[in-house]
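Q: have a look at this fold, sequence not included:
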DNA sequence: CCTGTTATGGACTGCATGGTTCATAATTCA
DNA sequence: TGAATTATGAACCATGCAGTCCATAACAGG
């Protein structure tokens, strides 16, 4: 029973996330966030509390989007293992092309904040575990389809793939050469070859 | 023919590096650096130019120390492959114990700066390549000793190991649980098994 | 149409930051 | 011993920062 909010909260979160993703937490100022979202400080403050609040919400927003996207990608192909291979290939393409060079938001957050910010750390941890579970589901599906040996430790392989992708993205930041990245991916993906 | 410098440049660099390593570039203030080194701003400024100059020199300092340490570690055992396994195990121990949770300096730098700071990026790239070369040497030695198949692509495996270790360290920041890390390492090290 | 309530934008605040300056101390060479 | 030179530390500066405040605008319910 008063003046209603004039902006779309989700859209603002999406734009704030993009800025944080590209620049990191410390390097992104409130003015940056105002510019990115088109909102005033008061609106941001009223909606999210403070800068850290915006970041944490942006992180959650990313998690939802990432989970959705990865789930879809890993189910896109009939063969789960092919889907995983395509997923990794896509990451390399993004790094080489440029936009992927900002890394993943989880990885960036872990690198910058995780040691100091417990809330951020546990949120990243939870996010990583969800992604890991999606990978494991794909691996289990592959197992049922006979693509992967019965005795394969799908949990460990999933954890490894997620970790390996983090490494790939990190190396890609300093060295975005396709050859190097493909070499890494080649060895990495051996864990899902028969 | 004038007043000589009163402090040890290498020691100052080492201490500055430790601070940058633990906190990152942005989050480390000049006052932090003065505290850590015990020097005044003028001395730091005269010796290194500015904050970025200190960082870049600290990065180079780290590179030398890391190259020396890794070389020694990978030659510590009679079996190069055992040395690599021990190296990874050691990283996990460090993460679980706490100090390893700050990550590696190269990785941290890549995550924070590489996209924006070309000098930092190329320095990290060069450093990573040196480390990679050390790993490759160990792998070549293993090949000569018959521990590793002749047809193994030592360059690719070396690149993969370096990348994989970055991923391990990054995941360890958000989730320093031994079990998870050992699962990752287990799959990762399969690339050098029989 | 009026009243209570909330959203908004811009101005403002105090503080920490990176960088600079300068007077002084320490040292060398003549 | 004294002139020239350089290192040092403390004070200083402008800037950018996160966070706050307030006057005003926009709405809802009566």
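A: It's in. On a predicted model such as this, the values are computed, not experimentally measured, just so you know.
Q: quick one, what contacts residue A:101?
A: Counting by C-beta atoms under 8 Å, 6 or more residues apart in numbering or on different chains, residue A:101 touches A:95, A:172-173, A:176, B:114-115. Bear in mind the C-beta positions are built from the backbone N, C-alpha and C, glycine included.
Q: quick one: which of those residues sit in helices?
A: A:95, A:172-173 (DSSP state H).
Q: one step back: just give me the least confident of the contacts of residue A:101.
A: Checking pLDDT across the contacts of residue A:101, the minimum falls on residue B:115 at 75.
Q: how close does the nearest residue to residue A:162 once chain neighbours are set aside get to residue B:190?
A: Among residues not flanking residue A:162 along the chain, residue A:132 sits closest, at 4.9 Å (C-beta to C-beta, 6 or more residues apart in numbering or on different chains). Residue A:132 sits at a distance of 18 Å from residue B:190 (criterion: C-beta to C-beta, to the nearest Å).
Q: ditto for residue A:39
A: Distance of residue A:39 to residue B:190, computed by C-beta to C-beta: 50 Å.
Q: now flag whichever of the ones in helices among the contacts of residue A:101 is closest to DNA strand D.
A: DNA strand D lies nearest to residue A:173 out of the ones in helices among the contacts of residue A:101, by C-beta to the nearest atom of the strand, at 22.2 Å.
Q: next up, the contacts around the closest residue to the closest one other than its chain neighbours.
A: Of all residues not flanking residue A:173 in the chain, residue B:114 sits nearest, at 4.1 Å (C-beta to C-beta, 6+ apart). When contacts are counted by C-beta under 8 Å, 6+ apart, residue B:114 touches A:101, A:173-174, B:120-121, B:124.
Q: try 7 Å
A: Applying C-beta atoms under 7 Å, 6 or more residues apart in numbering or on different chains, we find residue B:114 in contact with A:173-174, B:120-121, B:124.
Q: which of those residues lies closest to residue A:24?
A: Closest approach to residue A:24 among those (C-beta to C-beta): residue A:173, at 12.0 Å.
Q: report the central residue of chain A.
A: Central residue of chain A (C-alpha atoms, centre = their mean): residue A:104, 4.5 Å from the mean position.
Q: up against DNA strand C, what does chain A have?
A: Proximity of chain A to DNA strand C (C-beta under 7 Å from any atom of the strand) is limited to residues A:1-7, A:39-43, A:46-47.
Q: now the two most distant members of those residues.
A: Greatest spacing in those, by C-beta to C-beta: A:1 and A:41 (25.2 Å).
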